[in-house]
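J.: Below are the sequence and a predicted model; questions follow.
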Amino acid sequence: MRPVLLLVDNLIKSILQTVYHHTCASCGEKGDIICKACRDSFLLIDHKIVCPLCGRYVGQRLICGECMSSKRYFSEGYFGFLYENKLREAIHTFKFKGRAEVGRYLISLIKHILLLFGDRVDLIVPIPITDKRLKERGFNQSYVISWEISKIIGKPVIDSALIKVRETNDQYLLSKEERKRNIKGAFALKKADIIKGKTILLVDDLYTTGYTANEASYVLSKGKPDAVILFALARTP
């Protein structure tokens, strides 16, 4: 980027950050990106008492009944927060109101979770979105999260290995069976040689039924990675 353009770009970012810094992403009150009251309401997922695949609460680290009866194409799952109350509002602001700094801030609150698996990861792959959705939102939220994770664990982000080949409806608007049909065949593998024999960290913003994560993991498995580990910023209760 030319120096003049870089200067303008940095100036715009500085102005936006100044404006947003004084509005809490969860409650809208003036303060930090997320105010202390809202931060204190967030519930972290304790990985010692949840299913090691889907993050469902089971009281200890054991595979839940649903995961035992379903084929999972990822070998482990790690999750940051429970998707409820003020955390739900923060992620909604992050995804739909163009505030990428909210996603970056949320990742800064869960560094200790990333360190549980970071040393085993070779490459980070964000769940992709279509060009149409990218234009609507201005950024891919999974890509933002992936880059913040990369800064913490020191592993590269590869956004060219997995692509989304068709538009899908928003999963949260659909029933369980509709979600499964909606996401089937939505992804494609490119540059399979990049991921062969590697441990891949697949990154998403939200885990609900797991259909998106499983479909993306299935497509990645065609590239013969050593393993696919899933990380989602939040998980529904």
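T.: That came in fine, so what should we check first?
J.: Pull up the pairing partners for the helix or strand hosting Ala188, direction included.
T.: Applying DSSP states H and E as the criterion places Ala188 in strand 187-189. Next to strand 187-189 in the sheet, as set by DSSP bridges, lie strand 162-164 (antiparallel).
J.: where are the low-confidence patches of the protein?
T.: Along the chain, the parts satisfying pLDDT under 70 run over 1-21, 171-174.
J.: ok now stretch 218-237, how far from the chain's centre?
T.: Here the centre of stretch 218-237 is set off from its chain's centre by 11 Å, with CA atoms, centre = their mean, to the nearest Å.
J.: Also stretch 154-174?
T.: Centre to centre, stretch against its chain (CA atoms, centre = their mean), the figure for stretch 154-174 is 10 Å.
J.: Flag every buried residue along that stretch.
T.: Across stretch 154-174, burial judged by 16 or more other CB atoms under 10 Å covers Lys155, Val157, Ile158, Ala161, Leu162, Ile163, Lys164, Thr168, Gln171, Leu174. C-beta here means a position set from N, CA and C on the backbone, and glycine is covered the same way.
J.: One more: stretch 42-53?
T.: Phe42, Ile45, His47, Val50, Cys51, Pro52, Leu53.
J.: can you check stretch 183-200 too?
T.: Result for stretch 183-200 [16+ other CB under 10 Å]: buried residues Ile183, Ala186, Phe187, Leu189, Ile194, Ile195, Lys198, Thr199, Ile200.
J.: Could you save those residues as a markdown table and add columns showing distance to Leu114?
T.: Converted to a markdown table, the buried residues of stretch 183-200 look like this (distance: CB to CB, whole Å):
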| residue | distance to Leu114 |
| --- | --- |
| Ile183 | 26 |
| Ala186 | 27 |
| Phe187 | 24 |
| Leu189 | 25 |
| Ile194 | 22 |
| Ile195 | 20 |
| Lys198 | 18 |
| Thr199 | 14 |
| Ile200 | 15 |
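J.: Excluding residues flanking it in the chain, which one is nearest Leu44?
T.: Spatially, and ignoring its direct neighbours in sequence, Leu44 is nearest to Phe81 (6.1 Å; CB to CB, 6 or more residues apart in numbering).
J.: Relative to the whole chain's centre, how far out is the host helix or strand of that neighbour?
T.: Secondary-structure assignment from DSSP H and E places Phe81 in strand 76-82. Relative to its chain's centre, strand 76-82 lies at 10 Å (CA atoms, centre = their mean).
J.: Show me what it is packed against.
T.: helix 100-108, helix 111-114, strand 227-235 (3 or more CB pairs under 8 Å, 6 or more residues apart in numbering; DSSP states H and E).
J.: Show me what the helix or strand following it is packed up against.
T.: The helix or strand immediately downstream of strand 76-82 is helix 85-96, counting by DSSP H and E. Under the contact criterion of 3+ CB pairs under 8 Å, 6+ apart, helix 85-96 touches helix 36-41, helix 100-108, strand 199-207, strand 227-235.
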